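*Asks:* Mind folding the following:
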Amino acid sequence: MVEIKLRWRIKRTTKNGKEYPIYYISVPMRSAVFLMDFDPWLDPVNKVIVLRPKQNYIQYITAENTFELRLRWRIKFTKKNGKKFPLYYISIPGKSAVFLLDREPYLDPVNKVIIFKPKQQNNTQNNQSQ
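*Replies:* Alright, predicted model coming up:
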């Protein structure tokens, strides 16, 4: 299975004098182009984002007392050498992101899912503890 490691992006915004974090996961352009026809859905119980074909705004009930939350694509543009390039992000609500920040997102483009795996510790930290 081919997996692509994704990156967390945390931006801070000010609203009514208070500062709030906004959480994004950046998706590489090569993959995002093929995934834009899909809506991202967060399954907080299984710590996964499922990409499903675009439909109406329906919440999928997966089991009793669990649900999937519809997320949104964000496309921003950046300029490099006078050219505009799109940046693709999936926006995650702060309440859900807090529980996922200690994990690393990986995109599985074949199964159209983003898996949140526990962060791997650096080998240097492991060597120091021994």
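
*Asks:* which residues of the chain fall in helices?
*Replies:* 29-35, 94-100, 123-129 (DSSP state H).

*Asks:* so what does the second one touch, helix or strand wise?
*Replies:* Spelled out, that is helix 94-100. strand 18-27 (3 or more C-beta pairs under 8 Å, 6 or more residues apart in numbering; DSSP states H and E). For the C-beta atoms, the positions are set from N, CA and C on the backbone; glycine is no exception.

*Asks:* What are the contacting residues of the strand it packs on?
*Replies:* Here strand 18-27 makes contact (C-beta atoms under 8 Å, 6 or more residues apart in numbering) with 6-14, 35, 49, 74, 87-94, 97, 101, 105, 107, 114.

*Asks:* State the mean pLDDT of it.
*Replies:* Taken as a whole, strand 18-27 has an average pLDDT of 93.

*Asks:* Direction included, what does it pair against?
*Replies:* strand 7-15 (antiparallel), strand 83-92 (antiparallel) (DSSP bridges).

*Asks:* hey, least reliable of the helices of the chain by pLDDT?
*Replies:* Ranked by mean pLDDT, the helices of the chain bottom out at helix 123-129, with a mean of 47.

*Asks:* What about residue 100, how many residues nearby?
*Replies:* 19 (other C-beta atoms under 10 Å).

*Asks:* How about the contacts made by it?
*Replies:* 44, 47, 92, 116.

*Asks:* And those, which two are furthest apart?
*Replies:* Distance extremes for the contacts of residue 100: the farthest pair is 47 and 92 at 11.6 Å, using C-beta to C-beta.

*Asks:* More neighbours: the two, which one.
*Replies:* Taking neighbours as other C-beta under 10 Å, residue 47 and residue 92 compare with residue 92 leading, 24 against 17.

*Asks:* Run through the bridge partners of the more buried one.
*Replies:* With DSSP bridges as the rule, residue 92 is bridged to residue 23.

*Asks:* And residue 39, by the same measure?
*Replies:* Applying DSSP bridges, one finds that residue 39 bridges with residue 52.

*Asks:* Would you check that residue 72 makes contact with residue 92?
*Replies:* No - contact between residue 72 and residue 92 fails when scored by C-beta atoms under 8 Å: they sit 9.3 Å apart.
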